[in-house]
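A.B. asks: Just a sequence and a predicted model for now, questions to come.
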Amino acid sequence: MKKVILATYLVAASSHFAVAQTNRDGWLNNETLETRYGTFQFKNGYPAGNSSARLLDMQKLNRAIEVYTTQMMRVSEIGLREGLREFGARAPQHVVVWENLMDAKTVLLTANTETVYALSHLDVKTDGPTVVEAPPHMLGFLQDGFQRYLADVGSLGADKGAGGKFLVLPPGYTGPEPEGYFVSRSPTYSVTLGLRGFQVDDKTDQAVALMKQIKIYPLAKAAAPPAMQFMNGSNQTINTVFPDTLRYFELLAMLVNEEPAELFDPLERWQMQAIGIEKGKPFTPDDKTKALLSEAARIGGAIARANTYDDPATVYYYPSRKWQQMQGGLTYTFARDGAPQIDIRNNVYYMAAGNSPAMMAKNVGQGSQYLWTYRDAKGEFLDGGKAYRLHVLANIPAKAFWSVVVYDALSRSELQNGQPLPSVSSYVNPKMNPDGSVDIAFGPNEPQGGANWIKTVPGKGWFPIFRFYSPTDAFFDKTWALNDIEAVQ
C-alpha cells in the first residue's frame, strides 16, 4: 500500500513538474509565436505553413545586417579606392590632388575645405615592397585596406615633417628590410596614401607644388621608377562614399577575394559565407538573395545613421553643450579589453574616415582636433530650412588655422549648397567682432550686414565640424569652450 501511494505521489509530482516546466519555458505547448516580425505557426512542435521559410529568411536578413554593420569601416575603405578608380586613378602612380581645395562635387566623408588633399592607393600584391617618397610639410597617413593605421606622415610621423622615403612591405614578406626607409608592414595588399598640404598666404600653389613631388614605385624599380601622373580633383564629380545598396555587399565580396582570408576572424567568415560571400568563389546571388541583401543594406544604413546621429550613450566634449568628439577610454582601434567596440566605432566611421593613434592623442601645437554636432542648443536636429547662429569666442585655440565646414546628413560629405566652399575659416578673413570673437550664420537665406554665412538647403539635414589645426592647451584643458549653435527666430 505504501508503495502504491509513493508511486502515485511520484507520478503526480512528475506531472506537476512537467506542467511547471512547460509554464516556465513557455514554448513547449505554444503553437503560435507572436513577434514584431509577424506571427509564426507551429503544430505538434513542428513549424507549419510558411513559417520555416519566413523564419530562415529573417535569419539570413539579420545576418546580412550584422555583416553590414561589422564590416562598415572596411567597406568604406574599398569604396574610397573604387571611387578614385572610377575617376581614373587606377594605378599607384595616379595621385589625385585637389589643387583648388576640396569642394562639394567630391563626395568624400567629412573632408575639409582648407587643406590641399592628395590621395592614392598602393597595390603591394602586384608591386611587392613599395616606396612612397613623401614631400616635406605634409600631414597625412598610410593605412591598410581595412582602414587601419600603418604610419603617420608629417610632424607626427617618423619623418617629423621633413618628408622622406616610406617603405610598405606586403603581407608575409620575409626578405630583408633595407636601410634608409621608414618601414611599415601591411597586413593587406591594398594601402591608402592620404596627405594634406597647407595654404601659404591663403593660396594653394606651394602646397600643390610640394604634392607633385610625391613619388610612388616598387622597390625593385627604384633605379628607374615609373612616371607619376597627377590628376586635379577640384570641381570634378568624384564619389567615394560606400552605398546603402546591394553594391555594399559587392564591394565587400571584392575585398574578401583580394585580401588574405585570415584577416577576417572565423565568425566573420562564417557570417559572410551565410550570405554568399566566400574567398575564392564568385559572388553571384540569385534575384531573391539580391532583394534580401538590398533590404539588409537599407536597414543596416538606417541603423548606422541612428547609431551615429541619435545614440543615447553619446558623451559630449563639454558637459553642458552639444559638441561631440572621439569617445575616451578606447584605443585608436576602438577596442576595449581586446574586444572591438563596433557600435562606438561605427558612430565615427559612418560619417568620417581615417585612422591614426594621433586622433586619440593629446598633441599640443601639432596635428588637428575636431568637434562636431548634429543638434542646436535646445537639442533639436539641425534643419536646412531654419536659420542659426554660432558665436565663437575670441582666441580660438588653433595655431595654424581653424575652420567650420558644413556637411550633408545623408552623404556625410560637404553640403552641395551652391557656394564654392560650404565653410568659414581663418583663411577667408572672416568678419570679426571688436572683441575678437566671430559670428557664423547658417540658413537658406543670407542675413543682412555681410555676416559670415554658410548656406543650408531646405529639406536637408546638416552638421558642422569645427577644426582646430595645431591645437593649443586651451582646447585640451577646455579653458576655451565652443558655444552651441542657436536657432534664430
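C.D. replies: Yep, it's here.
A.B. asks: can you list the weak-confidence ranges in the protein?
C.D. replies: 1-30, 329 (pLDDT under 70).
A.B. asks: try 80
C.D. replies: 1-30, 327-331, 358-361, 450 (pLDDT under 80).
A.B. asks: which residue is nearest the centroid of the protein?
C.D. replies: Taking C-alpha atoms, centre = their mean as the criterion, residue 349 is the residue nearest the geometric centre of the chain, at 2.3 Å.
A.B. asks: That one contacts residue 76, correct?
C.D. replies: Yes: the pair residue 349 and residue 76 qualifies as a contact (C-beta atoms under 8 Å) at a distance of 6.1 Å. (C-beta placed from N, C-alpha, C; glycine too.)
A.B. asks: what touches both of these two?
C.D. replies: residue 147 (C-beta atoms under 8 Å, 6 or more residues apart in numbering).
A.B. asks: check contacts around the residue nearest to the centre of the chain.
C.D. replies: By C-beta under 8 Å, 6+ apart, the neighbours of residue 349 are 72, 73, 76, 147.
A.B. asks: what do you get for residue 117?
C.D. replies: Counted by C-beta under 8 Å, 6+ apart, residue 117 has contacts 96, 97, 98, 102, 111, 194, 195, 196, 233.
A.B. asks: and of these, the nearest to residue 216?
C.D. replies: residue 195 (11.5 Å; C-beta to C-beta).
A.B. asks: Which residues are in contact with the closest one?
C.D. replies: Residue 195 touches 117, 118, 119, 134, 138, 139, 140, 153, 154, 211, 214, counting by C-beta under 8 Å, 6+ apart.
A.B. asks: What separation is there between residue 356 and residue 153?
C.D. replies: 10 Å (C-beta to C-beta, to the nearest Å).
A.B. asks: Common neighbours of these two, please.
C.D. replies: In contact with both residue 356 and residue 153: residue 141, using C-beta under 8 Å, 6+ apart.
A.B. asks: quick one, which of those two is more surrounded?
C.D. replies: residue 153 (26 against 21; other C-beta atoms under 10 Å).
A.B. asks: For the more buried one, list each beta-bridge partner.
C.D. replies: Residues in a beta bridge with residue 153, per DSSP bridges, are residue 140.
A.B. asks: okay but it is in contact with residue 141, surely?
C.D. replies: Yes: the pair residue 153 and residue 141 qualifies as a contact (C-beta under 8 Å) at a distance of 6.1 Å.
A.B. asks: Not counting its neighbours along the chain, what's nearest residue 353?
C.D. replies: Computed as C-beta to C-beta, 6 or more residues apart in numbering, the closest residue to residue 353 that is not its neighbour in sequence is residue 109, at 4.4 Å.
A.B. asks: For the one you found, give me the backbone phi and psi.
C.D. replies: phi -50, psi 120 (degrees, to the nearest 10).
A.B. asks: quick one on the thing from earlier: any chance of a markdown table for the contacts of residue 195, columns distance to residue 165?
C.D. replies: Shown next, in a markdown table, are the contacts of residue 195 (distance: C-beta to C-beta, whole Å):
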| residue | distance to residue 165 |
| --- | --- |
| 117 | 22 |
| 118 | 17 |
| 119 | 19 |
| 134 | 8 |
| 138 | 13 |
| 139 | 18 |
| 140 | 15 |
| 153 | 11 |
| 154 | 14 |
| 211 | 17 |
| 214 | 12 |
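A.B. asks: what's the closest of those residues to residue 54?
C.D. replies: Nearest member of these to residue 54, counting by C-beta to C-beta, is residue 119, at 45.1 Å.
A.B. asks: Please confirm that the closest one is located within a strand.
C.D. replies: Yes: under DSSP: H, G, I helix; E, B strand; the rest coil, residue 119 falls within a strand.
A.B. asks: my guess is it contacts residue 211, does it?
C.D. replies: No: checked against C-beta under 8 Å, the pair residue 119 and residue 211 is beyond contact range at 10.4 Å.
A.B. asks: Can you pick out the residue with more neighbours from these two?
C.D. replies: Taking other C-beta under 10 Å, residue 119 and residue 211 do not tie; residue 119 has more neighbours (26 against 23).
A.B. asks: Please tell me how far that one sits from residue 192.
C.D. replies: 7 Å.
A.B. asks: which neighbours do those two share?
C.D. replies: Contacts common to residue 119 and residue 192, judged by C-beta under 8 Å, 6+ apart, are residue 80.
A.B. asks: Dihedrals phi and psi, residue 339?
C.D. replies: phi -100, psi 130.
A.B. asks: swap in the one 4 residues further on?
C.D. replies: Phi and psi for residue 343, reported as degrees, to the nearest 10, are phi -60, psi -40.
A.B. asks: How about it, nearest residue that isn't a chain neighbour?
C.D. replies: Distances taken as C-beta to C-beta, 6+ apart place residue 307 nearest to residue 343, at 5.7 Å, with adjacent residues excluded.
A.B. asks: Residue 408: neighbouring residues, count only.
C.D. replies: Residue 408, neighbours per other C-beta under 10 Å, totals 21.
A.B. asks: Alright, that wraps it up for me.
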